[in-house]
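1. sequence first, predicted coordinates after that:
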Amino acid sequence: MGLKIDFHVHTCYSRDSSITLKEVVSFAKKRGLDGVSITDHNTIEGVLKLKTRDILVVPGIEISTLQGHLLGINVTTHIPAKHGMEETIEMIHNAGGIAVAPHPTAFYKSPPSRKVSSYDAIEVINASSIPFSVLTYFSKRFAENLDLPQTGGSDSHYAPEIGSAYTVVEAGNDTDEVVDAVKRGAIFPTGKRVPWKIRLERVRIGLKRKSDN
């Protein structure tokens, strides 16, 4: 049986997330995950501070390119925002990482350009996407048309969302093996949408924080 890894997790080092580094570990374990990839918006600060032996932590980043968002997985050096998609992919590769196109059919999430074919993998299951089933179907079609590996992730910004979707990776408990498995397509995405109860909790907590400030 492979490793269960949520390849799309945001922490409080992303402006729109409330998840602490401690919560990443505790909720990942609670959800039965073997690991996560921390993919904060335009920063690697949080993942570099997360030190744990309880789960596998794959370093990453979600970059705002000129043609949409892009996940850099296995990246430990900063990748600057506001560059073209192809240039950003090249920077990720030069940093030893892989480029994954997140939520490619969710028009309201700054989806990555669908005119680019040099991605290493496509995120086909994004637990926070709405409508979930429709966007998952079209994301899978996009990946199949490009003949690229398919990943899944929660895109969590609130701790209980972690693990709603994840990727089963046929690899040992090692970052390099995980990345190699993604490249080879030795992976399988699975999961479901974030429940409405949790979505509403996240909104309520966010509104409370704003009022407290």
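-> Done, it's in. Worth saying up front: this structure is predicted, and the values here are computed from it rather than measured. Residues are numbered from 1 along each chain as shown.
2. identify the residues contacting whichever helix or strand Ile205 is part of?
-> Secondary-structure assignment from DSSP states H and E places Ile205 in helix 196-212. Helix 196-212 is contacted by residues 18, 157-158, 160-161 when judged by C-beta atoms under 8 Å, 6 or more residues apart in numbering. Yep, even glycine has a C-beta here, placed from its N, CA and C like the rest.
3. which one (most neighbours) among these?
-> Glu161 (26 neighbours; other C-beta atoms under 10 Å).
4. give the next helix or strand downstream of the helix or strand hosting Phe142.
-> Using DSSP H and E, Phe142 falls within helix 132-146. The helix or strand immediately downstream of helix 132-146 is strand 150-153, counting by DSSP H and E.
5. quick one, the helix or strand just after that next one and helix 132-146 angle?
-> Counting by DSSP H and E, the next helix or strand C-terminal to strand 150-153 is strand 165-169. Put simply, strand 165-169 runs at 40 degrees to helix 132-146, going by axes from the mean of the first three to the mean of the last three C-alpha atoms, to 10 degrees.
6. give me the sheet partners of strand 165-169 and which way each runs.
-> strand 3-9 (antiparallel), strand 187-191 (antiparallel) (DSSP bridges).
7. how far does the last one sit from the chain's center?
-> For strand 187-191, the distance from its own C-alpha centre to the chain's C-alpha centre is 13 Å (C-alpha atoms, centre = their mean, to the nearest Å).
8. secondary structure element for Glu86?
-> For Glu86, the host element (DSSP H and E) is helix 85-94.
9. same for that helix, what does it pack against?
-> strand 56-65, strand 68-73, strand 98-101 (3 or more C-beta pairs under 8 Å, 6 or more residues apart in numbering; DSSP states H and E).
10. which stretches of the chain have low pLDDT?
-> 208-213 (pLDDT under 70).
11. mind running it again at 90?
-> Filtered on pLDDT under 90, the chain yields the residue ranges 1, 203-213.
12. pull out the CA atoms of stretch 174-187 and give them to me as PDB.
-> Coordinates of each C-alpha in stretch 174-187 appear next as PDB, following Å, rounded to 0.1, in the frame of the first residue of the first chain:
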ATOM      1  CA  ASP A 174      11.500   9.600   1.400                       C
ATOM      2  CA  THR A 175      10.900  12.900  -0.400                       C
ATOM      3  CA  ASP A 176      13.100  12.000  -3.400                       C
ATOM      4  CA  GLU A 177      11.300   8.700  -3.900                       C
ATOM      5  CA  VAL A 178       7.900  10.500  -3.600                       C
ATOM      6  CA  VAL A 179       8.900  13.000  -6.300                       C
ATOM      7  CA  ASP A 180      10.200  10.300  -8.600                       C
ATOM      8  CA  ALA A 181       7.000   8.400  -8.200                       C
ATOM      9  CA  VAL A 182       5.000  11.500  -9.200                       C
ATOM     10  CA  LYS A 183       7.100  11.900 -12.300                       C
ATOM     11  CA  ARG A 184       6.600   8.300 -13.200                       C
ATOM     12  CA  GLY A 185       2.900   8.400 -12.600                       C
ATOM     13  CA  ALA A 186       3.100   5.900  -9.800                       C
ATOM     14  CA  ILE A 187       0.300   7.800  -8.000                       C
END
